[in-house]
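One predicted model, sequence on top.
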Amino acid sequence: MERAFQEYMTDKDWEFVIRTWEHINSFYEERSKVQEELYGNPLKKEKGITFTIGGREIQGQYFPIVYNPKVSAKVSDFETEDIAKTMIASNAIFGTGMGATKSRLDVVKGKSLMLDFDVIPNAITEAINHVTMRKAVTDVNKLVLSVDCL
């Protein structure tokens, strides 16, 4: 991979990668604040790994993992399993925080990933929805559940 990165990635390409990471990660503070206000626990932030490609030092950052449903029928099983684990582990909080990034390498081992630019706007949309609507959705859910209990 390193050879391919050196051969094909220009400085402009790396700037795109770095700015994309920065944009996706720019929502972290607000998401963590919402998370902590609702559930008492901030999001866990994984530290990026610094690496050097072609003499350029790059600070890696978080990028969302999305499985590729077109590659294998098993992917939907993986997604269902991951959703169930997330709902149990983090109390159904849009799959963020408290273990959602735990041991990412072990979680994706043997699974085909979505290598598509659609991952980027989808991650940003999810972050915006979390920041702007999670509290309201949680409140409505509490109201609906309390009405159901009457």
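Yes, it's here.

which stretches of this structure have low pLDDT?
Counting by pLDDT under 70, the chain has low-confidence residues at 72-109, 150.

for this protein, which helix is longest?
helix 119-149 (DSSP state H).

Packing partners of that one?
Using 3 or more CB pairs under 8 Å, 6 or more residues apart in numbering; DSSP states H and E, the elements in contact with helix 119-149 are helix 11-25, helix 28-39. Any C-beta I mention is one placed from the backbone N, CA and C, and that applies to glycine too.

same thing but 6 Å
Packing partners of helix 119-149 (3 or more CB pairs under 6 Å, 6 or more residues apart in numbering; DSSP states H and E): helix 28-39.

Geometric centre of this structure: which residue is closest?
Note on the chain: the residue nearest the mean C-alpha position is residue 64, at 3.6 Å, using CA atoms, centre = their mean.

which SS state does that residue fall under?
coil (DSSP: H, G, I helix; E, B strand; the rest coil).

Wait, a strand at residue 52?
Yes - if the criterion is three-state DSSP, then residue 52 is within a strand.

neighbours around it, how many?
9 (other CB atoms under 10 Å).

same check, this time on residue 5
For residue 5, the neighbour count with other CB under 10 Å is 16.

what's near enough to touch it?
Shown in contact with residue 5 (CB atoms under 6 Å, 6 or more residues apart in numbering): residue 53.

Just the C-alphas of stretch 19-31, formatted as CSV.
The C-alpha trace of stretch 19-31 is given here as CSV (Å, rounded to 0.1, in the frame of the first residue of the first chain):
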residue,chain,number,x,y,z
ARG,A,19,-9.2,18.2,4.9
THR,A,20,-11.8,15.4,4.7
TRP,A,21,-10.6,13.9,8.0
GLU,A,22,-10.6,17.4,9.6
HIS,A,23,-14.1,18.1,8.4
ILE,A,24,-15.5,14.8,9.6
ASN,A,25,-13.7,15.3,13.0
SER,A,26,-14.9,18.9,13.3
PHE,A,27,-18.2,17.6,14.6
TYR,A,28,-16.6,15.6,17.4
GLU,A,29,-16.8,18.3,20.2
GLU,A,30,-20.5,19.0,19.7
ARG,A,31,-21.4,15.3,19.3
